[in-house]
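Colleague: What shape does this take:
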Amino acid sequence: MRKLLVTGAAAIAVAGAGVLVATPAEAASPVQIYRVYYNSPGSDTGSTKSLNAEWVQLFNTSRSSKNLKGVKLRDKTGYTYTFGSYTIKGRKSVYIHTGKGKNTATHRYWGKTWYVWNNTGDTAYLLYPSGRLADKCSWGKKGSSKYC
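Modeller: From the prediction side, this is the model:
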């Protein structure tokens, strides 16, 4: 079950045709970080296969599509993936892989040549184009992935 992220008296949500607005605190962001696979299987060789086994899964909890143009996914050190023109369908996921590949409706590629997510602990931040926090997920040293 997801926790509501509240900043002060308001939370951030996507309204109508994907317009980002401040909403009352009882509303949660419909697009959330669902899982982070931060420690790809095997040795960290930097191969495309290994880099793409490191990913973040976002899930749209809403029944309607949401426009993510300008939304950012960032780690603690500031590595940032920014969505271009992209819409996630209702009740669907999108995976953001660290390495290179061909973008599809369900898989996006950061294009990095080395790992982003620290195996020893890190935080994934989902930010609206304004820079305001929509969601975050943190983990420590244990395991390979984290359900958020």
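
Colleague: switch to C-alpha atoms for all contacts and neighbour counts from now on
Modeller: Fine.

Colleague: where does this protein dip in pLDDT?
Modeller: Along the chain, segments meeting pLDDT under 70 span 1-27.

Colleague: Could you pull out the helices in it for me?
Modeller: 48-52 (DSSP state H).

Colleague: quick one: the strands in it?
Modeller: Under the criterion DSSP state E, the chain contains strands at 10-15, 19-24, 31-37, 55-60, 66-67, 72-74, 80-82, 87-88, 93-97, 107-109, 122-127, 133-139, 145-147.

Colleague: Take those and lay them out in JSON lines including distance to Ser43 and mean neighbour count.
Modeller: Formatted as JSON lines, the strands of the chain follow (distance: least, CA to CA, whole Å; neighbours: other CA atoms under 10 Å):
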{"stretch": "strand 10-15", "distance to Ser43": "39", "mean neighbour count": "20"}
{"stretch": "strand 19-24", "distance to Ser43": "40", "mean neighbour count": "14"}
{"stretch": "strand 31-37", "distance to Ser43": "15", "mean neighbour count": "22"}
{"stretch": "strand 55-60", "distance to Ser43": "16", "mean neighbour count": "22"}
{"stretch": "strand 66-67", "distance to Ser43": "36", "mean neighbour count": "21"}
{"stretch": "strand 72-74", "distance to Ser43": "24", "mean neighbour count": "21"}
{"stretch": "strand 80-82", "distance to Ser43": "24", "mean neighbour count": "18"}
{"stretch": "strand 87-88", "distance to Ser43": "32", "mean neighbour count": "17"}
{"stretch": "strand 93-97", "distance to Ser43": "17", "mean neighbour count": "22"}
{"stretch": "strand 107-109", "distance to Ser43": "21", "mean neighbour count": "19"}
{"stretch": "strand 122-127", "distance to Ser43": "19", "mean neighbour count": "21"}
{"stretch": "strand 133-139", "distance to Ser43": "20", "mean neighbour count": "20"}
{"stretch": "strand 145-147", "distance to Ser43": "16", "mean neighbour count": "15"}
